[in-house]
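J.: My questions are about this predicted structure, shown below with the sequence.
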Amino acid sequence: MVLSTLGNCGQCAQCDRGKPTFCRQSLGKLFRPFTSGEGEEQKKLFQFANLGVFAEETVVKATQAVRIPKEVPLTSASLIGCGVLTGVGAVFNRAKVQQGESVVVIGVGGIGLNAIQGAALSGGLPVIAVDTNPGKEAFARQFGATHFVCPDGPDFDLVAAVKEICPNGVDYVFECVGSTALIKTSTDLLDWGGTLVMLGVPKMGSEASFVVNTMYNDKTIMGCRYGSARPQYDIPLMVRLYQAGRLKLDELVSQTYALEDFNRARRAARGQARPGCSRSPEPADINAWHFPTRSVTWARSSRTGADGAMTTSSAAATSSPTTAARGPRACGRASASRSPSISSTTGCRPGNPRAGSTRSSRSPR
């Protein structure tokens, strides 16, 4: 089984019309937290959305459980239910990228890598990856990027760098960092009729700005939740693409951990490779670049109860180190002009036209 974080009801008007991400039951039950500890040391514990899987067992709605073939390894399949579905789904379902349309993906993390491979699967050309970490280039190209732009400081002009590849701008930008500064910059990267899809999540209450008059050239800014996915349709599609050798899942797994090593996996995801070492500093500003190359995930097996609920057992997790943060405006547009750092293998024709609740029986300490 692959589990979806939505937990939609399957009965409301939004579910019935194929929009489960619009279901009001899919936002999680934050008013009913679990608790840990006793007395004055008791703390509230919340799941992410409607799913908690870092435990030996969890109970979910039947709508969240999607059966997959037994031959698909759980360590790879477990990635589908979150990062893969969000990144690839944003390209397939929200943006609906067509062959030959140009794409920029900002942030080569767990979501960005999947947006890149979604764009490549859709026939996007070129697919330009942007990240402040030069070590991400190999990953970006492995997943389908044709170009890699590496900003080298706060004065780097990302717009100029991208327009060296596509002089008129690009058809789609996927912002996967959650930076309000990069959201503004993304609108400047768009060609007329272009679309910005926001996948990164800024700090709650953040506001972004953009130059209004540029938007009258039919530019669009889109939000996107969970890849606008329909889990019962899209998860089997991801599995079929994987089995056909077209979707990369195994390549997303860098290391596995047993359940009892949960805290060690969490430290590794935060950049602490060894127990006992100090925690990597958090970025001072939300606009700083700070995201992992790959996602921490957990492999799962499931069984169905008589009431239709799914009881799921966790097996293993995967993780990789987190990228160190750079300056808060690492990709912001600047007045000073610099020679952009670009690595490319193909070009873009100038003027190219645009064609309900969960609970776990035990959580790790």
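T.: That came in fine, so what should we check first?
J.: Can you give me the first-to-last residue distance of stretch 46-58?
T.: Stretch 46-58 has an end-to-end distance of 14 Å (criterion: Cα to Cα, to the nearest Å).
J.: now stretch 97-117
T.: By Cα to Cα, one end of stretch 97-117 lies 12 Å from the other end.
J.: wait, doesn't residue 108 sit right on residue 129?
T.: Yes - counting by Cβ atoms under 8 Å, residue 108 touches residue 129, with 5.3 Å between them. Every residue, glycine included, has its C-beta placed from N, CA and C.
J.: Need the overlap of contacts for those two.
T.: With contacts defined as Cβ atoms under 8 Å, 6 or more residues apart in numbering, the residues adjacent to both residue 108 and residue 129 are 116, 136, 140.
J.: where along this protein do the helices fall?
T.: With DSSP state H as the criterion, the chain has helices at 13-16, 74-77, 85-89, 110-121, 137-142, 158-163, 180-189, 231-243, 262-269.
J.: Could you export these as JSON lines, including distance to residue 200 and mean neighbour count?
T.: Compiled in JSON lines, the helices of the chain are given as follows (distance: least, Cβ to Cβ, whole Å; neighbours: other Cβ atoms under 10 Å):
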{"stretch": "helix 13-16", "distance to residue 200": "25", "mean neighbour count": "14"}
{"stretch": "helix 74-77", "distance to residue 200": "24", "mean neighbour count": "21"}
{"stretch": "helix 85-89", "distance to residue 200": "11", "mean neighbour count": "27"}
{"stretch": "helix 110-121", "distance to residue 200": "7", "mean neighbour count": "28"}
{"stretch": "helix 137-142", "distance to residue 200": "16", "mean neighbour count": "18"}
{"stretch": "helix 158-163", "distance to residue 200": "15", "mean neighbour count": "21"}
{"stretch": "helix 180-189", "distance to residue 200": "8", "mean neighbour count": "23"}
{"stretch": "helix 231-243", "distance to residue 200": "21", "mean neighbour count": "19"}
{"stretch": "helix 262-269", "distance to residue 200": "17", "mean neighbour count": "18"}
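J.: can you count the residues close to residue 134?
T.: Residue 134 has 12 neighbouring residues, counting by other Cβ atoms under 10 Å.
J.: between the helices of the chain, which one is nearest to residue 208?
T.: helix 180-189 (4.2 Å; Cβ to Cβ).
J.: what helices or strands is that closest one leaning on?
T.: Contact partners of helix 180-189 among helices and strands, from 3 or more Cβ pairs under 8 Å, 6 or more residues apart in numbering; DSSP states H and E: strand 103-106, helix 158-163, strand 170-175, strand 190-198.
J.: what angle do that helix and strand 170-175 make?
T.: Counting by axes from the mean of the first three to the mean of the last three Cα atoms, to 10 degrees, helix 180-189 lies at 170 degrees to strand 170-175.
J.: and helix 180-189, how far from the chain's centre?
T.: Taking Cα atoms, centre = their mean, to the nearest Å, one finds helix 180-189 lying 18 Å from the centre of the chain it belongs to.
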